[in-house]
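1. The following block contains a protein sequence and its predicted model.
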Amino acid sequence: MLDERKIKLIELIIEGSLNKTEMAKQIGVARQTLYEWMAQEEWIAEYDRLLQEIKTNANKMFNAKLDNVIDEWYKMMMDESCEKRTRAKLLVDWVDRSLGKPTSRLEVSENNEETQAEDVLENIESFLNDDENNDSNLKLVK
């Protein structure tokens with residue numbers, strides 16, 4: 001179990017308003033001591049546990065309000081008095097969340113079967129001609 005000073009360090013780091021020197025002064029230890037504590041497995045485990053607990057609680061709070069937010073979003077999206085650009089953005093976001101965001105780049109391939117077959121043959125020839133594969137009994141017959 002961590003002592004109060006080590007737990008206080010975790011709380012100060014999570015709070016994020018002080019630098020390491022200020023944290024050390026507030027806790028009453030040398031700055032180097034902070035780094036030694038932060039390297040200990042027990043301290044790291046407790047830090048990770050508390051961070052995860054904070055994230056879990058924040059996620060629960062967010063999810064508790066999500067239904068209301070979705071209802072308001074839908075109302076704005078359907079409200080014809082709402083500015084057109086705002087409605088358009090809401091509609092696009094709704095579709096993206098429902099169907100997944102489409103890629104912003106379309107890749108077009110003009111390879112036909114003949115080109116692909118030639119590429120395969122070139123790869124095989126390259127493999128057979130490679131110095132490391134000279135002991136192979138394989139030969140390419142065209």
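-> That came through fine.
2. In which helix or strand does the most centrally placed residue in the chain reside?
-> Taking CA atoms, centre = their mean, the centroid of the chain lies closest to Lys55, which sits 14.7 Å from it. Assigned by DSSP states H and E, Lys55 belongs to helix 41-78.
3. quick one: average pLDDT of that helix?
-> Helix 41-78 shows a mean pLDDT of 89.
4. in the protein, which spans are helices?
-> With DSSP state H, the ranges of helices along the chain come out as 4-15, 20-27, 31-38, 41-78, 84-99, 113-129.
5. how close does Ile10 sit to Gln32?
-> Going from Ile10 to Gln32 by CB to CB, to the nearest Å gives 18 Å. (Each C-beta comes from the backbone N, C-alpha and C, glycine too.)
6. More neighbours: the two, which one.
-> Ile10 (20 against 10; other CB atoms under 10 Å).
7. That one reaches Leu50, doesn't it?
-> Yes: counting by CB atoms under 8 Å, Ile10 touches Leu50, with 5.8 Å between them.
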